[in-house]
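Enquirer: Could you look at this predicted model? Sequence included:
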Amino acid sequence: MKLLIVSRFDRSARAISTIVNYVRAGRALGHHVALFADPLADLPDVPTSRDPKSFDHVMFVVYETPDFPDLPYLAHLLDGVPRERRIVVDCTGRYNDTITVEHDFNHLEKMDNHMGWEWIDGFDSVAKTVLQPTLTPRRPPARGFLFHAFDPSAVQHPYDNAEQAARAWEGRSSERSRYGLAYVGNNWQRWSQMRGLLEGLSPIKDRLGPIALVGWAWDHRPDWAAELGIDGIDTDTALLQELGVELRGNIPFSEVIPFVSQARFAPVIHRPLFNHLGIVTNRTFETFCSDAIPLLMLPPDTIESIYGPAARPLAVGDDVAAHVEAIQRCPEVYWDAVLKTRAHLSSVHSYQRRMQELSALLDA
Amino acid sequence: MRILFVMDQRVDRGSIQSMSNYVRAGRETGHDIALYGCADPRFPTIRFSRDVGAFDYVVFLVESWRHWMSALRMPRIFAEVPRDRRAIVDADGMYNPIVSAAGYDRNYQWEQHRAEWFAHYRTVTDRIFQPTFRPRQAGVRSLLFYGYDPAQQIHPGSSPAKAYDMLCVGHNWWRWRQISRELLPAIERVRSRIGAVAFIGSWWDSIPAGAAELGVESAFGTDPAWLRRLRIEVRPAVSYTEVVPVMSTGHINIMTQRPLFRELKILTSKFFEVFSADTIPLVMIDPDHAELVYGPAGRELALEGDAIAEKLLDALCRPHRYRDVVDAVRTHLVAHHTYRNRVQELVAALQQSPTLEAETAFA
């Protein structure tokens, strides 16, 4: 299969890590996967092309409208590959009726100037096939395709067994374990959950260790959000200061796993809309590559269906402090869950599996 | 003819008033005109349609932004309407070389951006129209586009009470230099002899979030302290349906134009809708241009140079004389610039041969 991926290849946001993994997994399986772009100097092993006609399929990976290229590139793509061979991966549930969950939404005209129906019309015009990274797509003919996946070769520290992992985790020097907890991701529709997490950890902050939040807008509420009345992006600098939270801006996708591996715990948070739609993200899988114990702040059915039953102990219940302290007392139990979940992800959710699923979908 | 407009419609800015007029004037002249989209209570006077294929022509009304011509909209239009049935009204003169007005306002900052716009336009269409008497760029046709609606005129008997001596209804988008160098000093000189003054529109007292990020911070220069000192009330923008009634609450209305538009002699909705209001319009454009658009009487309504303060007082002190001038302009507008005329001109322009050669196979 020759697959051309079209998106905005921001190095520190959205699906860049997943996309680069498609290139590599595709190569291993004998497919040719390239990015619709001019050559990328910082990613010399990633093929690029501006010639859509030489590909079997064009896959648009869409979060926002700028993920589509501008004219005349868009016209060249539409010219070069018929609609039947064009795919949209709808990463944020746009191809649904308008949904509002807490402060989150899948359509908001004042944000992007498009009404809900335009997302449906637009995707239908661009591609015959719309795929959503969920096991439970709601609006036909959208089909479920998780898109994101787990890369076993990216695991920072593979361990033979839980005892070894727990010993290493407990015995880490402060240099190797700079943080008690680290989260890498942008502050978009995450604050309500992050606030709950931080407040929950507050009583044990001294025993937990330093906390780091890495990404965009953890340190301020952007003026435009206030001007537009967007509540899904917020922060509380007083709370962050009180807890001594270290804030850092975006880091490139290639540094995420090493950075998170400097922490003992790493929360997995999905925005409210994604929890509602069962949408997964790159971080759903990537967090399990780090050398931190994931704190799964996801709906139980998502944990069960994506990670398998072995991940149940990693689910954060109502009392996050008690959960963290339980892990600190008996890390081996939880590392056992991590290693078994990694095995499940390797077996069921690897990039090779995704490529095979995609190939089967397109052949069908 | 069936014409579907596509634009970035905003309830309180841009060319939305003209859309309303095209829909109505089209109905009166036997043409079916609609705006792309779904019925929307914010736009009660506009007929919407999503049935792209049912129209003979699709006309994109493009101002200073084009991100709304997104992949959610364009592929469907491309698929259903071939290139030779698509046209662009280039309302802000973007299809020009880089034009810098007074080293301040410009259509592009970088040549690369200009090239991208040109490529974009040429992919969309082979017909580009500009609302100016004399387009500069080869391949562009003049289409004045904006017009006057005599039925919209508010007569003194039905006019709202006058709450202001002077109003300026519009947004502070590249206006500040002209306002701060010409209008405010004039107001300052005679402020004690003028009653209530208001600027109604966006960004007169604050710079919008994200302006610096977009590189357009200089478009929003302002001095709220000065405005306060001059007792100039700042009020938010109003819906297009309220613009003419709100203008009618002022004895005089000041029409300003961004420097780039003055340079390119581009017309806007405001040129005409201010004459629908029950007010005395004073226009901050070159007298020659005022005469070209409004007829000989228009020259008397032009505000410029050192005489602005005196003209403001004169209009307030001798309203009957100025009302005669305004009526003379309205007579000229009815003869030359009604939306009925504009619809016929648009239909004729669409029937003419293309102005640009195709540069893409896409159709």
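Expert: That came in fine, so what should we check first?
Enquirer: which stretches of chain A have low pLDDT?
Expert: For chain A, no stretch has pLDDT under 70.
Enquirer: which parts of it sit against chain B?
Expert: With the criterion set to CB under 8 Å from any CB of the partner chain, chain A comes near chain B through A:60, A:65-66, A:68-72, A:74-76, A:78-79, A:113-115, A:117-119, A:121-126, A:222-224, A:226-227. Any C-beta I mention is one placed from the backbone N, CA and C, and that applies to glycine too.
Enquirer: Counting neighbours, which of these end up buried?
Expert: Buried subset of the residues of chain A next to chain B (neighbour count, 16 or more other CB atoms under 10 Å in any protein chain shown): A:60, A:65, A:68-72, A:74-76, A:78-79, A:113-115, A:118-119, A:121-126, A:222-223.
Enquirer: what's the first-to-last distance across stretch A:231-242?
Expert: Stretch A:231-242 stretches 23 Å from its first residue to its last (CA to CA, to the nearest Å).
Enquirer: Not counting it itself, show me its contacts.
Expert: Applying CB atoms under 8 Å, 6 or more residues apart in numbering or on different chains, the contact partners of stretch A:231-242 are A:102-105, A:187-189, A:191-192, A:195, A:198-199, A:202, A:213, A:217-222, A:225, A:247, A:271.
Enquirer: Now, the residues of chain A next to chain B that are in helices?
Expert: Using DSSP state H, the subset of the residues of chain A next to chain B located in helices is A:74-76, A:78-79, A:117-119, A:121-126, A:223-224, A:226-227.
Enquirer: How many neighbouring residues does residue 229 have?
Expert: You didn't pick a chain, so chain A it is. Here the count is done by other CB atoms under 10 Å in any protein chain shown, and residue A:229 has 7 residues near it.
Enquirer: nope, chain B
Expert: 12.
Enquirer: Which phi and psi values does it adopt?
Expert: Residue B:229 adopts backbone torsions of phi -60, psi -30, taken as degrees, to the nearest 10.
Enquirer: For residue B:5, pull up the helix or strand it's in.
Expert: Per DSSP states H and E: residue B:5 is located in strand B:2-7.
Enquirer: Please point out which parts of that strand sit buried.
Expert: B:3, B:4, B:5, B:6, B:7.
Enquirer: beta partners for the fourth one?
Expert: It stands for residue B:6. Here residue B:6 sits in beta bridges with residue B:60, going by DSSP bridges.
Enquirer: is it true that it touches residue B:36?
Expert: Yes: at 4.3 Å, residue B:6 counts as touching residue B:36 under the criterion of CB atoms under 8 Å.
Enquirer: Give me the common contacts of these two.
Expert: Common contact partners of residue B:6 and residue B:36 (CB under 8 Å, 6+ apart): B:58, B:73, B:77.
Enquirer: For the first one, pull up the helix or strand it's in.
Expert: So the one you mean is residue B:58. Residue B:58 is located in strand B:57-62, with elements delineated by DSSP H and E.
Enquirer: Over to the last one?
Expert: Take DSSP H and E as the rule and residue B:77 turns out to sit in helix B:74-80.
Enquirer: Would that helix count as contacting chain A?
Expert: Yes: counting by CB under 8 Å from any CB, chain A is contacted by helix B:74-80 at B:74, B:75, B:76, B:78, B:79.
Enquirer: quick one: contacts for the closest residue to chain B within the stretch 101-250 of chain A?
Expert: Minimum separation of the stretch 101-250 of chain A from chain B (CB to the nearest CB) falls at residue A:122, amounting to 2.9 Å. Neighbour list for residue A:122: A:114, B:70, B:71, B:72, B:73, B:75, B:76 [criterion: CB under 8 Å, 6+ apart].
Enquirer: Can you lay out these as a markdown table showing distance to residue A:96?
Expert: Shown next, in a markdown table, are these (distance: CB to CB, whole Å):
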| residue | distance to residue A:96 |
| --- | --- |
| A:114 | 14 |
| B:70 | 19 |
| B:71 | 18 |
| B:72 | 14 |
| B:73 | 19 |
| B:75 | 20 |
| B:76 | 19 |
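Enquirer: one step back: can you spell out which helices and strands pack onto the strand holding residue B:5?
Expert: With contacts taken as 3 or more CB pairs under 8 Å, 6 or more residues apart in numbering or on different chains; DSSP states H and E, strand B:2-7 sits against helix B:16-28, strand B:32-36, strand B:57-62, helix B:339-351.
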